[in-house]
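[1] Make a model of this:
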Amino acid sequence: MVSRLEMVLKELNDNGNFRASLFSTSTGLVLASQKADDVDERVIAAMGSLLSDAAYKASEELSLSQLTSMKIKYLNDYIVCRNITMTDQKTQFLLAVLSKVPESEDIEKYYDQLLDWAEDNSRDDLEKLSSI
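    Numbering: from 1, shown residues only. This is a model prediction of the structure:
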């Protein structure tokens, strides 16, 4: 199951030219990752979990709708964290990617499409993991 998640991530990285991608639990436990040697996936998962938790709390306090994703743009770098909620509406996983800042809005939209594809192609395996 994890190897299938890793295959999805490899395809994601190859098509998006991402430095790293990973699936983690909402608490930051890495389930699968594909990354460059200089990237620590545990740090990305921990920071993604922290950001997701803060965004979730903000949505509660401000009566916002359900959190789906977060994008953080730095001068040269870009992090996207996608919350994936299972059918039980309780279990959540995180899909995170690390890349260079997209050069255009079209590339940013392409990244979103890649994340949609990765989410769609991992959902069955994540559902199985959520039932363990």
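
[2] By mean pLDDT, which helix or strand of this structure comes out lowest?
    Across the helices and strands of the chain, mean confidence by mean pLDDT, DSSP states H and E is lowest for helix 41-61: a mean of 90.

[3] Packing partners of that one?
    Counting contacts by 3 or more C-beta pairs under 8 Å, 6 or more residues apart in numbering; DSSP states H and E, helix 41-61 is packed against strand 20-25, strand 30-35, strand 69-73, strand 77-85, strand 92-100. Placement of C-beta: from N, CA and C, glycine included.

[4] Kindly list the longest helix within the chain.
    helix 105-130 (DSSP state H).

[5] how about it: buried residues?
    Neighbour-count burial for helix 105-130, counted by 16 or more other C-beta atoms under 10 Å, picks out 111, 114-115, 118-119, 122, 125-126, 129-130.

[6] buried set for stretch 79-96?
    79-85, 91-96.

[7] So for the residue most central in space within the chain, what's the pLDDT?
    Nearest to the geometric centre of the chain sits L95, at 1.8 Å (C-alpha atoms, centre = their mean). L95 is assigned 96 on the pLDDT scale.

[8] Report the beta-bridge partners for the residue nearest to it when sequence neighbours are not counted.
    For L95, ignoring the flanking residues on the chain, the nearest one in space by C-beta to C-beta, 6 or more residues apart in numbering is R82 at 4.3 Å. Residues in a beta bridge with R82, per DSSP bridges, are S69, L95.
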